[in-house]
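Participant: Have a look; sequence and predicted model below, questions after that.
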Amino acid sequence: MTQKADVIIIGGGLVGLTQALALAKHGITTHVVDRADPTSMLASGFDGRTSAISSSSLKMFEAIGLADALQGKGCPIKQIWVSDGLKPGSLDFVPGADDGYLGQMFENRFLRRTLYEAAQASDAIQLHMPAGIVEKTRDSSGITVKLDNGATILAELIIVAEGRQSITREEAGIKIVHWQYRHSAMVGAIFHEKPHNNIAYEIFYPSGPFAVLPMLDCADGRHRSAIVWSVEEADAPGYLKLSGRGYAAELRKAMGGILGEVELAAPLSSYKLGFHHAGSMTAERLVLIGDSAHGIHPIAGQGLNLGLRDVAALTEVLVDGLRLGLDLGDAQLLDRYSRWRSIDTLMVAMSTDGLNRLFSVPGKTASAIRRTGMGMVQRTRPAKAFFMAEARGESGALPKLLQGVAV
């Protein structure tokens, strides 16, 4: 059985499905292929994983038809509080009354379900999930992919959204620059005694940053927040072996008691932290988006948003090409996307890497220097405005979708 569409997307995660929906909004058809079984991806239990969605990414979700589904499901971030190890000299980012939220926190399982159900309902999207790839061919005439369910799918372009360990990227001969941080991030969620007041806390320790991110209260009124706690890689297994009460005690200590007593609200998970950046974001009839193209430190919570910026830019490039009558795999279109996104992704990646290294330097002198710099930013409105624009994803040459406008 042979099926044709304009584009094949390999990877049906948050970025891949958003890309399919963004293209469908503009009349471009897609096949989405993923080895994962949707029933496991859409499990009803909260797994503790969350994402901070910037205000510009939310505008794109609304522009592609998800406004109603997302309404009231995210917790607004109204303030970001930054501290160097809970020492004096914190930094507050509070947008003006007319600036809107810095972003919203969503449960990943909710985002996955929303995107999957929207893709299922679209006539422009064909989902092949679960399905493995047996063979793929790219040449000047187009793309042919054979699946293990017997289907053969054809298209003009492959969009790779497989994640950090992308097989397709390796097969295309695209090299990556990468290194490990020797840190692990412990991810989960907590109940806490005091309300968070929509504040995101970022506490920097030499062993790694500790983020406490506001979530919507439970139906019974219990206050919740997500946590991303980076520690030395060798220390993470010991923390994860603690009892729930013991781990909560360590959390409260690391938080300085800012939210009162805490207890775990979801299972904990852990992953090793690393950096990677593709040497090229394109090859013949192939383009990388999301973690297939770049992976950054979670210090600023911008990993997913960076992938969504890829989606918005690529959508605009392909729609413009379609209107000009160009093949969607045209090298000029892919080069435009590469030039548009390469600098932005590299700058964000290196900024987060530099920030992590800066706050990882131990000692009183280093801490004093950092806090002096934070104090200067705190007193300088243009500097604070710049950082808040970065948090909202509203800096640089924004694609139309990130402005809330269809291409």
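Facilitator: Good, I have the coordinates.

Participant: quick one, phi psi at Arg222?
Facilitator: Listed backbone geometry of Arg222 is phi -70, psi 140, with angles given as degrees, to the nearest 10.

Participant: Next: Gly103.
Facilitator: Residue torsions, per degrees, to the nearest 10, at Gly103 are phi 160, psi -170.

Participant: Just list whatever residues bridge to it.
Facilitator: Residues found in beta-bridge contact with Gly103 (criterion: DSSP bridges) are Ser54, Ile77.

Participant: how about it, what does it touch?
Facilitator: In this structure, Gly103 makes contact with 52-55, 57-58, 76-77, 391-392, judged by Cβ atoms under 8 Å, 6 or more residues apart in numbering. All C-beta spots, glycine's among them, are computed from the backbone N, C-alpha and C.

Participant: in the helix or strand encompassing Ala313, what counts as buried?
Facilitator: With elements taken from DSSP states H and E, the one containing Ala313 is helix 303-323. For helix 303-323, the neighbour count (16 or more other Cβ atoms under 10 Å) marks 303-319, 321-322 as buried.

Participant: Any chance of CSV for the contacts of Gly103, columns pLDDT?
Facilitator: As requested, those are arranged in CSV below (pLDDT from 0 to 100):
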residue, pLDDT
Ala52, 92
Ile53, 94
Ser54, 92
Ser55, 91
Ser57, 94
Leu58, 95
Pro76, 95
Ile77, 94
Ala391, 64
Arg392, 68
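
Participant: closest to Gln126 among those?
Facilitator: Using Cβ to Cβ, the shortest approach to Gln126 within these belongs to Ser57, at 25.2 Å.

Participant: got a list of contacts for the strand or helix carrying the closest one?
Facilitator: Take DSSP H and E as the rule and Ser57 turns out to sit in helix 55-63. Residues from elsewhere that reach helix 55-63 (Cβ under 8 Å, 6+ apart): 18, 22, 25, 53, 67, 70, 74, 100-104, 304-305, 308-309, 311-312, 392-394, 398, 401-406.

Participant: Just give the nearest non-adjacent residue to Gln19, would you?
Facilitator: What sits nearest to Gln19 in space, not counting adjacent residues and going by Cβ to Cβ, 6 or more residues apart in numbering, is Val311, at 4.7 Å.

Participant: residues in contact with the one you found?
Facilitator: Val311 sits next to 15, 18-19, 22, 60, 289-290, 401 when contact means Cβ under 8 Å, 6+ apart.

Participant: For Thr315, which non-adjacent residue is closest in space?
Facilitator: In this structure, Thr315 finds its nearest non-sequential neighbour in Ala22, 4.4 Å apart by Cβ to Cβ, 6+ apart.

Participant: Check the contact between that neighbour and Arg309; I expect there is one.
Facilitator: No: the pair Ala22 and Arg309 does not pass the contact test of Cβ atoms under 8 Å, sitting 11.7 Å apart.

Participant: re the thing from before, separate out the buried members of the contacts of helix 55-63.
Facilitator: If you count burial by 16+ other Cβ under 10 Å, the buried members of the contacts of helix 55-63 come out as 18, 22, 25, 53, 70, 74, 101-104, 304-305, 308-309, 311-312, 392-394, 398, 401-402.

Participant: circling back: please read off the pLDDT at the residue nearest to Gln19 from the model.
Facilitator: Among the per-residue scores, Val311 holds a pLDDT of 98.

Participant: Tell me how many other residues crowd Lys194.
Facilitator: One way to gauge burial is a neighbour count; for Lys194, by other Cβ atoms under 10 Å, it gives 12.

Participant: For it, which non-adjacent residue is closest in space?
Facilitator: Closest residue to Lys194 apart from its sequence neighbours, by Cβ to Cβ, 6+ apart: Gly260 at 4.2 Å.

Participant: Could you do Leu147 as well?
Facilitator: Among residues not flanking Leu147 along the chain, Ala131 sits closest, at 4.6 Å (Cβ to Cβ, 6+ apart).

Participant: any idea whether that neighbour is helix, strand or coil?
Facilitator: In terms of secondary structure, Ala131 is coil; the call rests on DSSP: H, G, I helix; E, B strand; the rest coil.

Participant: Pull up the gap between it and Val311, please.
Facilitator: Between Ala131 and Val311 the distance is 22 Å, computed by Cβ to Cβ, to the nearest Å.

Participant: how close does Tyr201 sit to Pro76?
Facilitator: Taken as Cβ to Cβ, the spacing of Tyr201 relative to Pro76 amounts to 15 Å.

Participant: The two: which has the busier surroundings?
Facilitator: Neighbour totals were compared for Tyr201 and Pro76, and Tyr201 leads with 23 against 15 (other Cβ under 10 Å).

Participant: beta partners of that one?
Facilitator: Note on Tyr201: beta-bridge partners Trp81, Val212, judged by DSSP bridges.

Participant: what does Ile133 give?
Facilitator: So, taking DSSP bridges as the rule, Ile133 has Leu147 as bridge partners.

Participant: from the chain's centre, how far out does stretch 231-248 sit?
Facilitator: The chain centroid and the centroid of stretch 231-248 are separated by 25 Å, computed with Cα atoms, centre = their mean, to the nearest Å.

Participant: Is the residue nearest to Thr315 in a helix, a strand, or coil?
Facilitator: Secondary structure, three-state DSSP: Ala22 is helix.

Participant: and it, what does it touch?
Facilitator: Counting by Cβ under 8 Å, 6+ apart, Ala22 makes contact with 60, 64, 311-312, 315, 401.

Participant: quick one: low-confidence ranges for the stretch 1-150 of the chain?
Facilitator: Along the stretch 1-150 of the chain, the model assigns pLDDT under 70 to residues 44, 97-98.

Participant: run the last query once more with 90
Facilitator: Segments of the stretch 1-150 of the chain classed as low confidence (criterion: pLDDT under 90) are 1-2, 37-49, 80, 82-102.

Participant: Show the residue spans covered by the helices in it.
Facilitator: Listed in chain order, the helices of the stretch 1-150 of the chain (DSSP state H, counting those that start in this stretch) span residues 14-25, 38-41, 55-63, 67-70, 108-121.

Participant: which of these sits most buried?
Facilitator: Mean neighbour count, computed with mean count of other Cβ atoms under 10 Å, is highest for helix 14-25 among those, reaching a mean of 27.
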